[in-house]
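Participant: I'll drop the sequence and a predicted model, then ask my questions.
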Amino acid sequence: MATSAQHISSNIRDIKLSARAAQRRMQLQKEEMASLIRAAKAMIDKAEKLKVQRKEETHTRLKQIRDTQKELMARLNRLLQALMREVSPELSKHEMEWFEELEKMRAEIVGFGNYDSESLAVRAKQVCGCQSGVAMH
């Protein structure tokens, strides 16, 4: 009976030691989990901050690109106009006739005044019964 009691006592001591070791491991895992949660939250916060910051930087950069493109297009247009004036400073007879024809077409479509009943725009409004119509300028 003494050896059985000693054996049971030894098993109880081993179980208590194993339980303490398991509790220490569990405590370490809890601390590690809390640390991982803090790190993940910090990464999420950083990602959100970068997302907003990058979006603003991208919009700013796109605006700069558009402004630069407008400047370059205006510069290109001025250069093209200068080259055209250098090659042919005046409009040719055909170009003049074309612009006159365009002006006649515009007058037929839009009319000579706001209430020109002969214009195609006014007649189109009358046919479809629209009051507001689409501006044909």
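Facilitator: Thanks, I have it.
Participant: ok, now how distant is Arg61 from Arg54?
Facilitator: The gap separating Arg61 from Arg54 is 10 Å, by Cβ to Cβ, to the nearest Å. (C-beta placed from N, C-alpha, C; glycine too.)
Participant: kindly report the same for Phe99.
Facilitator: For Phe99, the distance to Arg54 - Cβ to Cβ - is 50 Å.
Participant: Ala5 now?
Facilitator: 72 Å.
Participant: ok, Ser9 next?
Facilitator: 67 Å.
Participant: which parts of the worst-scoring helix or strand of the chain on mean pLDDT count as buried, going by neighbours?
Facilitator: One helix or strand of the chain scores below all others by mean pLDDT, DSSP states H and E: helix 120-128, with a mean of 72. For helix 120-128, a neighbour-count test (16 or more other Cβ atoms under 10 Å) marks 121-122, 125 as buried.
Participant: so which elements touch it?
Facilitator: Using 3 or more Cβ pairs under 8 Å, 6 or more residues apart in numbering; DSSP states H and E, the elements in contact with helix 120-128 are helix 93-110.
Participant: the helix it packs on to helix 120-128, inter-axis angle?
Facilitator: Interaxial angle, helix 93-110 versus helix 120-128 (axes from the mean of the first three to the mean of the last three Cα atoms, to 10 degrees): 30 degrees.
Participant: flag the shaky bits of the chain, pLDDT-wise.
Facilitator: Judged by pLDDT under 70, the chain has its weakly predicted residues at 88-89, 111-118, 129-137.
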